[in-house]
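> Return atomic coordinates for the entry below.
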Amino acid sequence: MLLQSLIDAPLLIGNLPEAPSFLRSRLSLPEELPRLNVQQKLGHLYEDALAALLVASPAVDLLAKNLQLQKDSHSTVGELDFLLRDLSSGQLIHLELATKFYLAVGDELPGPDVRDNYFNKLARLRDHQLTLVKNHQALLPDEFREESILTQQLIYGCLFDHIDSPVLAEPEFLNPGCRRGKWLRVDEVPEHFPVETEFHMIPKALWPVPLELLAEATLEKWSPEETLERCVMVRIDGCEEPYFIAPISYPLRSEITKVPSN
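Here you go, the predicted structure:
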């Protein structure tokens, strides 16, 4: 499911002025599924998964992963997620990967962890990560310093609108065909769902996987009565889109919350 989602899932962000999206028809499923550490951070997990697809691809050669650009042994200016060579053209490609989730709160788009937000992430991508080669190609290994390098990106994820919002959030550069979902605070659940509704928690490692790919997955049941200290993504019976259930205090960072008993 992880590997297939990297090939098929709609991108959160499409082409950017600094870097177009990588053509995913060049990705290939490996004959033998790799062992992935699903306990690591989501970004690292999806880097490992994408690396497996790139290694299996007959269209590209994966030259480097997490390539650090260092001025000296004490100063690193950044890191290239992947450095590839297109085998048909010989072109070098710097590929950046991101997997992000955002909840529309008025004009703001914070993440499940409110220290993250769409606009800051986009600015960081455009101003720094996607310009690393342009600004610091002299810091690449010797064999790549004189070659033309194209920067491309793959930005996966999902944008969640509040369940009561009359309009959909449409921030700059959002892919019109991106994955979308709904979110609500845990104390709002009784207003929108009958008590017999079944909720199934999607583990964080599977957050980027579209629901249609999760159709056969066995997921743990979740109850709105449980103590909630962070956003949880759930699949709700009868719903075609994922939901984030947020603590009562979201988007403020505060104490553990619990649904009041009726």
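> what helix or strand does Glu96 sit in?
Secondary-structure element containing Glu96, defined by DSSP states H and E: strand 92-103.
> Output the contacting helices and strands for that strand.
helix 42-56, strand 75-86, helix 118-127, strand 149-162, strand 243-246 (3 or more Cβ pairs under 8 Å, 6 or more residues apart in numbering; DSSP states H and E). C-beta coordinates here come from the backbone N, C-alpha and C atoms, glycine included.
> ok, now with 6 Å
Strand 92-103 sits against helix 42-56, strand 75-86, strand 149-162, with contacts defined as 3 or more Cβ pairs under 6 Å, 6 or more residues apart in numbering; DSSP states H and E.
> Output it as CSV, restricted to C-alpha atoms.
C-alpha atoms of strand 92-103 as CSV (Å, rounded to 0.1, in the frame of the first residue of the first chain):
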residue,chain,number,x,y,z
LEU,A,92,20.8,14.6,-13.7
ILE,A,93,17.8,15.2,-11.5
HIS,A,94,17.6,16.5,-7.9
LEU,A,95,14.3,15.1,-6.5
GLU,A,96,12.7,16.5,-3.3
LEU,A,97,10.0,14.5,-1.5
ALA,A,98,7.5,15.7,1.1
THR,A,99,4.4,14.1,2.6
LYS,A,100,2.2,16.7,4.5
PHE,A,101,-1.3,17.1,6.0
TYR,A,102,-3.1,20.3,6.8
LEU,A,103,-6.4,21.3,8.4
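> Tell me which residues of it come out buried.
By neighbour count, with 16 or more other Cβ atoms under 10 Å as the criterion, the buried positions of strand 92-103 are 92-103.
> what does stretch 56-75 contact?
Applying Cβ atoms under 6 Å, 6 or more residues apart in numbering, the contact partners of stretch 56-75 are 26-28, 30, 51, 54-55, 76-80, 82-87, 136, 139.
> Go again with 8 Å.
26-31, 47, 51, 54-55, 76-88, 92-93, 132, 136, 139-141, 144 (Cβ atoms under 8 Å, 6 or more residues apart in numbering).
> List buried residues within these.
26-28, 47, 51, 54, 78, 80-85, 92-93, 132, 139-140, 144.
> the strands in the stretch 101-250 of the chain, which residues?
According to DSSP state E, counting those that start in this stretch, the stretch 101-250 of the chain carries its strands in the segments 149-162, 179-185, 199-201, 220-222, 232-236, 243-246.
> can the buried residues of strand 92-103 go into a markdown table with extra columns for distance to Gly181?
Compiled in a markdown table, these are given as follows (distance: Cβ to Cβ, whole Å):
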| residue | distance to Gly181 |
| --- | --- |
| Leu92 | 37 |
| Ile93 | 31 |
| His94 | 31 |
| Leu95 | 27 |
| Glu96 | 24 |
| Leu97 | 21 |
| Ala98 | 18 |
| Thr99 | 15 |
| Lys100 | 13 |
| Phe101 | 9 |
| Tyr102 | 10 |
| Leu103 | 9 |
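> contacting residues around Lys134?
Thr151.
> Distance-wise, check it relative to Gly111.
28 Å (Cβ to Cβ, to the nearest Å).
> what's the answer for Glu240, then?
According to Cβ to Cβ, Glu240 stands 23 Å off from Gly111.
> Among these two, which residue is more densely surrounded?
Gly111 (18 against 9; other Cβ atoms under 10 Å).
> ok, the more buried one touching Thr99?
No - when contacts are counted by Cβ atoms under 8 Å, Gly111 is not listed as touching Thr99 (11.2 Å).
> Low-confidence bits of the chain, can you list those?
Across the chain, residues meeting the criterion (pLDDT under 70) sit at 253-262.
> center of it - which residue?
In the chain, the C-alpha nearest the mean C-alpha coordinate belongs to Thr99, at 1.4 Å (Cα atoms, centre = their mean).
> does it have beta-bridge partners, and which?
Beta-bridge pairing of Thr99, defined through DSSP bridges, involves Tyr156.
> Tell me if I'm right that it and Tyr46 touch.
Yes - checked against Cβ under 8 Å, the pair Thr99 and Tyr46 is within contact range at 4.9 Å.
> Next, show the common contact partners of these two.
The contact lists of Thr99 and Tyr46 share 156, 208, where a contact means Cβ under 8 Å, 6+ apart.
> Nothing else from me, thank you.
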